[in-house]
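Q: got a structure for you, letters missing:
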Ligand SMILES: [Zn+2]
């Protein structure tokens, strides 16, 4: 699922515009709508790179959730909210002090 979402990403080699083959496809396959240049899969978005990122997440990042929760130092935020809303939520406890 996440692999599908990430491997669909394409970037313009010239202007840097980004597309997604399923969600926001360009009008012409692999051609940038804005400047007409070719679209490529960035190294970051290649399946093998994504697999490595997932392994790193599960072995190194995810254990921190348990670690900080045990200490009572974990705050969680809904990443599907808007940037403005999340920023406000994160800043709330800081601004009180
Ligand atoms: Zn472009």
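A: Happy to help now that I have it. Note that the coordinates shown come from a computational prediction; the quantities given were computed from them, not determined experimentally. Numbering: from 1, shown residues only.

Q: In space, what's closest to residue 23 - neighbours in sequence excluded?
A: Residue nearest to residue 23 in three dimensions, not counting chain neighbours: residue 8, with 7.1 Å by C-beta to C-beta, 6 or more residues apart in numbering. Quick note: C-beta positions are derived from backbone N, CA and C, even for glycine.

Q: Burial check on that neighbour, number of neighbours?
A: As a burial measure, residue 8 scores 16 neighbours (other C-beta atoms under 10 Å).

Q: At the contact with the ion, which residues of this structure appear?
A: Contacts of the chain with the ion, taken as C-beta under 5 Å from the ion, map to 12, 14-15, 17, 32, 34-35, 37.

Q: change it to 8 Å
A: 12-17, 32-37, 39 (C-beta under 8 Å from the ion).

Q: Turn the residues you listed into JSON lines, including secondary structure and pLDDT.
A: JSON lines is the format used below for those (DSSP: H, G, I helix; E, B strand; the rest coil; pLDDT from 0 to 100):
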{"residue": "12", "secondary structure": "strand", "pLDDT": "96"}
{"residue": "13", "secondary structure": "coil", "pLDDT": "95"}
{"residue": "14", "secondary structure": "coil", "pLDDT": "96"}
{"residue": "15", "secondary structure": "coil", "pLDDT": "97"}
{"residue": "16", "secondary structure": "coil", "pLDDT": "94"}
{"residue": "17", "secondary structure": "coil", "pLDDT": "96"}
{"residue": "32", "secondary structure": "coil", "pLDDT": "97"}
{"residue": "33", "secondary structure": "coil", "pLDDT": "98"}
{"residue": "34", "secondary structure": "coil", "pLDDT": "97"}
{"residue": "35", "secondary structure": "coil", "pLDDT": "98"}
{"residue": "36", "secondary structure": "coil", "pLDDT": "97"}
{"residue": "37", "secondary structure": "coil", "pLDDT": "97"}
{"residue": "39", "secondary structure": "strand", "pLDDT": "96"}
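
Q: contacts for the lowest-mean-pLDDT helix or strand in the chain?
A: Within the chain, no helix or strand scores below helix 2-7, which has a mean of 73 by mean pLDDT, DSSP states H and E. Identification of contacts with helix 2-7 by C-beta atoms under 8 Å, 6 or more residues apart in numbering yields 20, 22, 41, 45-47, 50-51, 54.
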